[in-house]
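1. Can you look at this prediction? I've put the sequence above it.
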Amino acid sequence: MSPHPAPTIQAASRQIEGPLLEVTDLRTHFRTERGLVRSVDGVSFTLERGRSLGIVGESGSGKTVLSRSIMGLLPKRNTERSGSVKFEGREVIDLPLADRRKIWGREMSMIFQDPMTSLNPVMRIGKQIGEGLRLHLGMSKVDARATALHLLREVRIPEPEKRLDQYAFELSGGMRQRVMIALAMSCGPTLLFADEPTTALDVTVQAQILELIGVQKRERNMSLILVTHDLGVVAGHTDDIMVMYGGRMVEKAPTNVLFSSMKMPYTEALLKSIPKIEDPSHTRLSVIPGRPPDLVNPPRGCRFAPRCSFAQDRCHTEEPPLMTAEHPEHVYACWYPVGSPSHRARTAELATAMSGGF
């Protein structure tokens, strides 16, 4: 083994003008016995270099399918994709598998939600990390092992020399997630996806993992897409937030703008559903009534209308387009946004009704 660990592999710096990622009218549908499931249904956004985007929504909103569609990780069988995905100015949506494999790891990489099912259970940790280094960067076995050791140190795994020769099942959940981060960053990707990276981890470990991802993003000059169901997770870790519902983008804004002047009632409901530490013990949690829409037969009009306390007749018949708020980078899809006169009037009605019931 080399006497000194290999240096950190930085994200490649390319002199290409324009956004790092451009997604235009992306649609991903799955053919099933019940019909066509519209998991991603016309999503468009751009991601500038060095910035971080949080994609937020309930389970089934389409956020994970969106990230995997961008990377090209979905099977071809029974899958229909259309639209455009440009990465570094190059169209990647219809790339052959051989070309996609050249991008995976080296240019785009993903931290998967469940490391126990993503890591190879019969391959030692050091070999798993070193495999990509040897394939994409042409490292020797000795240098790949040295770099793997260095990466484990970077993600703050205790006793990294010992972990190199262990299997995933021998590690705790927090350590497995750190291994996934090291694996995803091993070849210096330009864009890193983190798909629910803190699921099933306790609160302390969640904070450590999010801090670790942020530190590595800054040190390596990476762009980041953080996928989660929790607005609290993205609050201090992303530059922009995109909210998805029913396979569509319903709101997008810079993080500080979204929290100071959110427009979509669904975004407001997500925020209210987060438990507050200052609430007394046994305080009833705020929930969003009803169920997410059936993406085989989505409702007419606004897809959130059947669950929205502020919906009016128009919401059930006309689908709202994306509209621009006071801030030019803040867009939302709602006929009666939060803060509008009709929204305030309906809020007063609900408050009166609730007070009259006690």
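-> Sure thing, it's come through. Residues are numbered from 1 along each chain as shown.
2. so where's the stretch 51-200 of the chain shaky on pLDDT?
-> 200 (pLDDT under 70).
3. And the strands in it?
-> Using DSSP state E, counting those that start in this stretch, the strands of the stretch 51-200 of the chain run over residues 52-56, 79-87, 90-91, 108-111, 191-195.
4. got the contact list for the helix or strand just after the last one?
-> Helices and strands here follow DSSP states H and E; after strand 191-195, the next one along the chain is helix 203-220. Applying Cβ atoms under 8 Å, 6 or more residues apart in numbering, the set of residues contacting helix 203-220 from outside is 8-11, 52, 111, 154-156, 173-174, 177-178, 181, 185, 188, 192, 194, 197-198, 201, 222-224, 226, 233, 237. Every residue, glycine included, has its C-beta placed from N, CA and C.
5. angle of helix 203-220 against strand 52-56?
-> 140 degrees (axes from the mean of the first three to the mean of the last three Cα atoms, to 10 degrees).
6. For helix 203-220, list every residue counted as buried.
-> 205-206, 208-210, 212-214, 216-217, 220 (16 or more other Cβ atoms under 10 Å).
7. do stretch 339-348 as well
-> Quick answer for stretch 339-348 (16+ other Cβ under 10 Å): 343, 346.
8. quick one: it to chain centroid distance?
-> Its chain's C-alpha centre and that of stretch 339-348 lie 31 Å apart, by Cα atoms, centre = their mean, to the nearest Å.
9. what does that stretch contact?
-> For stretch 339-348, contacts defined as Cβ under 8 Å, 6+ apart pick out 261, 263, 265, 309-310, 312, 336-337.
10. rewinding a little: buried ones among the contacts of helix 203-220?
-> 9, 11, 52, 111, 154-155, 174, 177-178, 181, 185, 188, 192, 194, 197-198, 201, 222-224, 226, 233, 237.
11. middle-most residue in the protein, spatially?
-> The residue lying closest to the centre of the chain (Cα atoms, centre = their mean) is residue 227, at 1.6 Å.
12. list the contacts for that one?
-> Contacts of residue 227 by Cβ under 8 Å, 6+ apart are 54-55, 63-64, 67, 193-196.
13. so which of these comes closest to residue 91?
-> Comparing those against residue 91 with Cβ to Cβ places residue 67 closest, at 17.9 Å.
14. any idea how far that closest one is from residue 111?
-> From residue 67 across to residue 111, the span is 11 Å (Cβ to Cβ, to the nearest Å).
15. Mutual contacts of those two, please.
-> 193, 195.
16. Residue 222 and residue 192 touch, don't they?
-> Yes: Residue 222 lies in contact with residue 192 (Cβ atoms under 8 Å); the separation is 5.1 Å.
17. Tell me which stretches of the stretch 151-300 of the chain form helices.
-> All helices of the stretch 151-300 of the chain, identified by DSSP state H, counting those that start in this stretch, fall at 160-163, 173-185, 203-220, 231-235, 255-261, 265-272.
18. which residues does residue 28 bridge with?
-> According to DSSP bridges, the partner residues bridging residue 28 are residue 40, residue 81.
19. change the start of the numbering to 49 and stick with it
-> Fine by me, first position is 49 from now on; the one you just mentioned is residue 76.
20. if I look at it, how far off is residue 356?
-> Relative to residue 356, residue 76 is positioned 25 Å away (Cβ to Cβ).
21. likewise residue 130?
-> From residue 130 across to residue 356, the span is 29 Å (Cβ to Cβ).
22. quick one, which of these two is more surrounded?
-> Between residue 130 and residue 356, counted using other Cβ atoms under 10 Å, residue 356 has the larger neighbour count: 22 against 12.
23. and residue 200, how many residues sit next to it?
-> The number of residues packed near residue 200 is 25, by other Cβ under 10 Å.
24. Surely it touches residue 223?
-> No: Residue 200 lies out of contact with residue 223 (Cβ under 8 Å); the separation is 9.4 Å.
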